[in-house]
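J.: have a look at this prediction, sequence included:
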Amino acid sequence: MFGIVMEHSSFFFGAKFYTLNEKIVQIFSLQVFKFGTIIFFLLAGFLIGDKFTKYSTKEYLQRRVQNTLKPWLFWVIIFFITNYLDVIVKNIKYGDNPFLTISIQNVLLNLENIVLTTSFWFIPNFLICITILLLFRKYLYSIKLGVALLLLSLFYSVNLYIDVIPTSHTTAMFGFIFYLWLGVQINKYYDQFKSIVGKTSMSLIFTLLIVAFSLASLESYYLLKLLPDDPFNTLRITNIIYSLLSFVFLYKLGSKIQIKRFNPSIFTFGIYLVHQILVFRLMPLIFRPLHIAFENKSAYYFLGIQLMTFFIVYTGSILIVAMINKMQKARWLIGR
């Protein structure tokens, strides 16, 4: 979640720089934490792995609606309302009809934008992935199913170069099922996974990670010219490898570091639900009086603003989630 919030705190997406040094800063900033989405699916698969055997398809989907879809829908509505409050305030400020831009078409476009192009895309995609796995639960541990799902994911990697369908990872409905499936397999064969990682040296894992990071950065550098609108796509083949190696590296590192203050079951989903609203609605309120703008600014300026945004948004998200968690009747808002 740390990585996902850091990525969403960046204003590098769509920015164009012309010197090599600035391009390196842009690519480095976006690539370092680009493992977030794939690891999110991987961990989700690990955590739901044993649930598939405990509950029927109907029971499991009911639980997902209660614990996942309801809080997601609440925060989507909050995001939607704050978007229009911002529009209304701006219209009033400039003397326009405050409801001038509110029409059925604009409302639907706003909702579509929230669900498909912000971090809120994850839950619909996640539920579709789960539903597909449930449909094939008879073959859940079949290698053939895994290979088929991997090929689906790799299709999106190839699509970046042939552009058969829209490239955005937020609309890649079938591109992430494999990582959910892979998480389920790690759950089932956890002892074997733990043994293999335990026997592999940290130096080897870290070396492979650096190589994968370098290759992913080079691919993004190439795609900046070929695909300037989406050069940092999550489903780049090099980023897939980088993300999986990052998972192994963080798992290996996690055995040496203990974090007792933050309980993932309390904070993770809540931070996901809250942080994007803070990025879009809180940060502009901070930027305006500080006269923060991005036109004709250097990559180093972008990086500084990203780090500031991350600190404010991540801290703010933790505080909001912690406050909600203290209210027994409100805990459903963060999936508890």
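T.: Perfect, thanks for sending it. Numbering: from 1, shown residues only.

J.: give me the pLDDT for the closest residue to Ser153 other than its chain neighbours.
T.: Nearest-residue entry for Ser153: Phe178, 4.6 Å, with adjacent residues in sequence omitted and distances by C-beta to C-beta, 6 or more residues apart in numbering. Quick note: C-beta positions are derived from backbone N, CA and C, even for glycine. Predicted confidence (pLDDT) for Phe178: 96.

J.: from Phe2, how far out is Phe178?
T.: 24 Å (C-beta to C-beta, to the nearest Å).

J.: coming back round to it: element containing the residue nearest to Ser153, please.
T.: For Phe178, the enclosing helix or strand under DSSP states H and E is helix 177-188.

J.: where does the protein have its least confident helix or strand?
T.: helix 51-54 (a mean of 76; mean pLDDT, DSSP states H and E).

J.: still on that earlier bit, quick one: the residue nearest to Ser153 and Leu150 touch, right?
T.: Yes - counting by C-beta atoms under 8 Å, Leu150 is a contact partner of Phe178 at 4.8 Å.

J.: more neighbours: the two, which one.
T.: Between Phe178 and Leu150, counted using other C-beta atoms under 10 Å, Phe178 has the larger neighbour count: 25 against 16.

J.: list the contacts of the more buried one.
T.: Contact analysis of Phe178 by C-beta atoms under 8 Å, 6 or more residues apart in numbering lists 146, 149-150, 152-153.

J.: from the residues you listed, list the buried ones, please.
T.: With burial judged by 16 or more other C-beta atoms under 10 Å, the buried subset of the contacts of Phe178 is 146, 149-150, 152-153.

J.: got these as JSON lines, with distance to Lys297 columns?
T.: Formatted as JSON lines, those follow (distance: C-beta to C-beta, whole Å):
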{"residue": "Gly146", "distance to Lys297": "45"}
{"residue": "Leu149", "distance to Lys297": "42"}
{"residue": "Leu150", "distance to Lys297": "41"}
{"residue": "Leu152", "distance to Lys297": "39"}
{"residue": "Ser153", "distance to Lys297": "36"}
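
J.: check these against Glu59 and report the nearest one.
T.: Within the buried ones among the contacts of Phe178, the smallest distance to Glu59 is 23.9 Å, found for Leu149 (C-beta to C-beta).

J.: okay, buried residues for stretch 193-202 please.
T.: For stretch 193-202, the neighbour count (16+ other C-beta under 10 Å) marks 193, 197 as buried.
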